[in-house]
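**Student:** Predicted model, plus sequence, below.
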Amino acid sequence: MDFASIRIITDDLEQIVQFYEQVTGVPAVRATPVFAELNLPSATLAFGHTQTTQLFGQDSARPADNHSVIIEFLVDDVDREYERLTPLVDQWVQKPTTMPWGNRSILFRDPDGNLVNLFTPVTEDAINKFRR
């Protein structure tokens, strides 16, 4: 089994897609006006307007209601990303911090309140774990 994608359901597709295009530097592919994807090398980050959930059944997904998932991106230099994203991000949860497990990390919320983590391995063990 391969992990393929994660999909964010939103009421404001344009805002969330533009936000993640700026965070990742990857342009979105728009299959329909209510669905878009960012095709990253490791997986796809997909976005669906709440209209798309009608196909899954009533109340199958609620936008801006995530309290348990963190969307994580491995980056080359988290401190440089923090500087680049400071004008874009409204809500910082954690400024650059080296975590006990060896990653230097920043945490922020996207426009729908989803928690996003950008991290760079900095210890030998963490670097070996994520070696590309």
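**Tutor:** Noted; the coordinates are in hand. Numbers count the residues shown, from 1 in each chain.

**Student:** Helix or strand: which one has Arg30?
**Tutor:** strand 29-32 (DSSP states H and E).

**Student:** name the helices or strands packed onto that strand?
**Tutor:** strand 35-39 (3 or more C-beta pairs under 8 Å, 6 or more residues apart in numbering; DSSP states H and E). From N, CA and C alone the C-beta is placed, and that goes for glycine too.

**Student:** Who are the packing partners of the strand it packs on?
**Tutor:** By 3+ C-beta pairs under 8 Å, 6+ apart, strand 35-39 packs against helix 13-24, strand 29-32, strand 44-49.

**Student:** in it, what counts as buried?
**Tutor:** 35-38 (16 or more other C-beta atoms under 10 Å).

**Student:** which of those residues sit farthest apart?
**Tutor:** Within those, two members stand farthest from each other by C-beta to C-beta: Phe35 and Leu38, at 12.0 Å.

**Student:** who touches both of these two?
**Tutor:** Ala46 (C-beta atoms under 8 Å, 6 or more residues apart in numbering).

**Student:** domains for this protein, by residue range?
**Tutor:** 1-56, 66-132 (automatic domain parsing).

**Student:** Tell me which of the helices and strands packed on strand 35-39 approaches Ala61 most closely.
**Tutor:** strand 44-49 (8.1 Å).

**Student:** Give me the sheet partners of that closest one and which way each runs.
**Tutor:** Strand pairing for strand 44-49, using DSSP bridges, gives strand 5-10 (parallel), strand 35-39 (antiparallel).

**Student:** what comes up buried for the longest one?
**Tutor:** For strand 5-10, burial by neighbour count (16+ other C-beta under 10 Å) applies to 8-10.
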